[in-house]
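*Asks:* Give me a model of this one.
(one chain, ligands or ions: 2)
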Amino acid sequence: MDNLDAGPDAGLVGALRIAPSILAANFGALANAIQVVDAQTDWVHVDVMDGHFVPNISIGPPVVQSLRPYSTRFFDCHLMISDPARYLEAFKKAGADGCTVHVEVGNTASLISDARALGLRVGLAANPNTPFDAVVPFLGDIDLLLLMTVFPGFGGQSFMGDVMHKVTLARKEIDAAQLALNLEVDGGIDRDTAPIATRAGANVLVAGSAIFNQLSPLAAAQALREAALAGQR
Ligand code: DX5
Ligand code: ZN
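*Replies:* Ligands and ions are numbered 1, 2, ... in the order given. Now for the predicted structure:
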């Protein structure tokens, strides 16, 4: 299993990770979509929306379960849902490797310990207008911090460069405290914005449209990785 404990990701917290968001793929052919980009991607980003926390409905545990046999990659489930406590176990059973909950839903400390108790990698997400201070108390208890670069709910939106000040703050904090924490950005990431995000300190880049809405998703993923690496130099 390619997760953070074993396999290719072992000990690589902080390494560049390209996480294609299947929200932008053809839902009628998801298994094929993730296999086509496999050679140039590292994780699989699963956007879960409940029509309540965000004004859109996407996919849930049955889709994770159906996709699991088709990929050995780390399944990074982004829960844009109001009541994650109710579904963490279902995601774990379906084959999720990590679940990310939004700090805006509250009850954060208990959600983190619930996810941990289930054996999940734990992420915490913050919307673009949520201050960095809101996530600081939890940085020592999570595996991943997701700083949204769009308001969640829909793919294909424009990258919000203002969020980079939070990415910079987070990177400083992670390095200063030597935290084993991945720093992820999500929303509007493409070849132009990827280097901006990696320069600010992000190491996990989620991209939907910039991969799956391209003529060659595999070539697009490779180009994204090269652009992201250029930002790290
Ligand atoms: C937004 C989702 C993102 C989104 C990214 O609600 O969390 O993962 O699908 O899509 P693009 O890359 O198209 O902005
Ligand atoms: Zn997402």
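*Asks:* which bits of this protein sit near ligand 1?
*Replies:* Within the chain, the positions lying close to ligand 1 (Cβ under 6 Å from any ligand atom) are 21, 23-24, 45, 47, 78, 150, 152-157, 186-189, 206-210. Quick note: C-beta positions are derived from backbone N, CA and C, even for glycine.
*Asks:* 8 Å - rerun?
*Replies:* Residues of the chain found near ligand 1, taking Cβ under 8 Å from any ligand atom as the criterion, are 21, 23-24, 45, 47, 49, 54, 56, 78, 80, 148-157, 159, 186-190, 206-211, 213.
*Asks:* Also within reach of ligand 2: list those from these.
*Replies:* Among these, the ones lying near ligand 2 by Cβ under 5 Å from the ion are Asp47, His78, Asp186.
*Asks:* any idea which of the residues you listed is closest to Ile142?
*Replies:* When these are compared for distance to Ile142 (Cβ to Cβ), His78 wins out at 13.6 Å.
*Asks:* Please verify my assumption that that closest one contacts Trp43.
*Replies:* No. His78 is beyond contact range of Trp43, at 10.8 Å (criterion: Cβ atoms under 8 Å).
*Asks:* who's in contact with the residue nearest to Thr193 when sequence neighbours are not counted?
*Replies:* For Thr193, ignoring the flanking residues on the chain, the nearest one in space by Cβ to Cβ, 6 or more residues apart in numbering is Phe159 at 4.2 Å. Neighbour list for Phe159: Thr149, Val150, Gly187, Gly188, Ile189, Asp190, Thr193, Ile196 [criterion: Cβ atoms under 8 Å, 6 or more residues apart in numbering].
*Asks:* ok, 6 Å please
*Replies:* Taking Cβ atoms under 6 Å, 6 or more residues apart in numbering as the criterion, Phe159 is in contact with Thr149, Gly188, Thr193.
*Asks:* Now do the residue in the chain that ligand 2 sits nearest to, the pLDDT please.
*Replies:* Proximity of the chain to ligand 2 (Cβ to the ion) peaks at His78, 3.7 Å away. In this model, His78 is scored at 98, pLDDT.
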